[in-house]
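Trainee: One predicted model, sequence on top.
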Amino acid sequence: MNKLILILLVCYSSSIFSQTTAAAESGWKGMVRPYISKYISESFAIKILGAAPEVEATVTLPEIPKSVHDNTNLKSFDRIQKDPTEFDKLPPEKKRQYDYNFINEIYLVTRKTPPRDEDYSKWLNSLEQGGSRDGLYQALVLDDVYTSLESIEEKSNDTLIKFCLDFSQKYINQTFSAEAVKDLNVYSLKRILAEKALDILGHYETTNLDDMYRWYAVFSADMATQYPNALSGVVRTNQSVEFHYNWAKEMPLQQIKSEVLIKLHTIMNRLQVLQ
């Protein structure tokens, strides 16, 4: 039975990973281990495959500023232009499908309801006319619908509070008290953390794009490792920091930002229902 499970997982994993960057653990073990850990258990993966090798990360977090707003410095508004990526060269109909999927996801993770037909039409047109994904997000979390969600008496549980405190210290260089976080409505808390993450990414967009790639890579690898059951998809569940770093280098900046927003909201939604 164990051999059958292993064979099926190897076949499944090999087909999925054939066109992606290898995980930190090389060979077929590196491809199959995340699925055994996620869908069976980590202890079962260790029993069959042995302990995962210790891999020293070659991509580390960049320096994270304490403050990213300086209205007196005009350079803070100059964004570095990234060269066109393969995504940028896609035909309009293919880009439209990716934008459609983003709109669907961002509605689901922020409001827990799918977009209406008129929402798709409105935001697809906005993105095709040059609007940004983070701008779309800001519009969603500042409108009347989200404001009404923030008025609901729903506080964060202890699991989510711990995540917020750890995330704030490591990724946005901010220290909050558990009491202050506990008093916030959970929808307000998700919005505040996501906006602060966007501020950090925006800072790197005006100073050093490689710092953005590194921040994204460490964040994404950490989330995939610590919360494997909250995320789905080959890219989001990959635990290799090098994989996420290389992915970010090849993607438009808007995709990097939208992935951070979706991952943050997805994980916080998941933690909120855990006790």
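Mentor: On my side now, so go ahead.
Trainee: C-alpha only now, for contacts and for neighbours.
Mentor: OK.
Trainee: Am I right that residue 111 is in contact with residue 144?
Mentor: No - the pair residue 111 / residue 144 is not scored as a contact, 11.8 Å apart, by CA atoms under 8 Å.
Trainee: Output the longest helix belonging to the protein.
Mentor: If you go by DSSP state H, the chain has its longest helix at helix 186-207.
Trainee: Who are the packing partners of it?
Mentor: helix 144-150, helix 158-171, helix 209-226, helix 253-272 (3 or more CA pairs under 8 Å, 6 or more residues apart in numbering; DSSP states H and E).
Trainee: coming back round to it: of residue 111 and residue 144, who's got more company?
Mentor: residue 111 (17 against 11; other CA atoms under 10 Å).
Trainee: name the element residue 44 belongs to?
Mentor: Taking DSSP states H and E as the criterion, residue 44 maps to helix 42-49.
Trainee: tell me how far the helix or strand just after that helix is from the chain's mean position?
Mentor: Downstream of helix 42-49, the next assigned helix or strand under DSSP H and E is helix 92-111. With CA atoms, centre = their mean, to the nearest Å as the basis, helix 92-111 stands 15 Å off its chain's centre.
Trainee: what comes up buried for helix 92-111?
Mentor: Within helix 92-111, the residues that count as buried by 16 or more other CA atoms under 10 Å are 95-96, 99-100, 102-111.
Trainee: again with stretch 165-177
Mentor: Buried residues in stretch 165-177, counted by 16+ other CA under 10 Å: 165, 167, 168, 171, 172, 174.
Trainee: Stretch 44-64 too?
Mentor: 45, 59, 61, 62, 64.
Trainee: That one: end-to-end distance?
Mentor: 38 Å (CA to CA, to the nearest Å).
Trainee: And it, how far out from the chain middle?
Mentor: Worked out by CA atoms, centre = their mean, stretch 44-64 lies 19 Å from the chain centre.
Trainee: Identify all contacting residues around the helix holding residue 44.
Mentor: 29, 33, 36, 37, 52 (CA atoms under 8 Å, 6 or more residues apart in numbering).
Trainee: same deal with stretch 256-272?
Mentor: 102, 105-106, 109-110, 133-134, 156-157, 159-160, 190, 194, 197-198, 201, 216, 220, 223, 227, 230-231, 248.
Trainee: In PyMOL, select just the buried ones from those residues.
Mentor: To isolate the buried members of the contacts of stretch 256-272 in PyMOL, using 16+ other CA under 10 Å:
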select buried, resi 102+105+106+109+110+133+134+156+160+190+194+197+198+201+216+220+223+230+231+248
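Trainee: Could you say which helix or strand holds residue 137?
Mentor: helix 133-141.
Trainee: Give me the mean pLDDT for that helix.
Mentor: For helix 133-141, mean pLDDT is 97.
Trainee: With just CA atoms, put that helix into PDB.
Mentor: C-alpha atoms of helix 133-141 as PDB (Å, rounded to 0.1, in the frame of the first residue of the first chain):
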ATOM      1  CA  ARG A 133      -3.600  45.200  -9.200                       C
ATOM      2  CA  ASP A 134      -2.600  46.800  -5.900                       C
ATOM      3  CA  GLY A 135      -4.800  49.800  -6.900                       C
ATOM      4  CA  LEU A 136      -7.700  47.400  -7.400                       C
ATOM      5  CA  TYR A 137      -7.000  45.900  -4.000                       C
ATOM      6  CA  GLN A 138      -7.000  49.300  -2.400                       C
ATOM      7  CA  ALA A 139     -10.300  50.200  -4.000                       C
ATOM      8  CA  LEU A 140     -11.900  47.000  -2.700                       C
ATOM      9  CA  VAL A 141     -10.700  47.400   0.900                       C
END
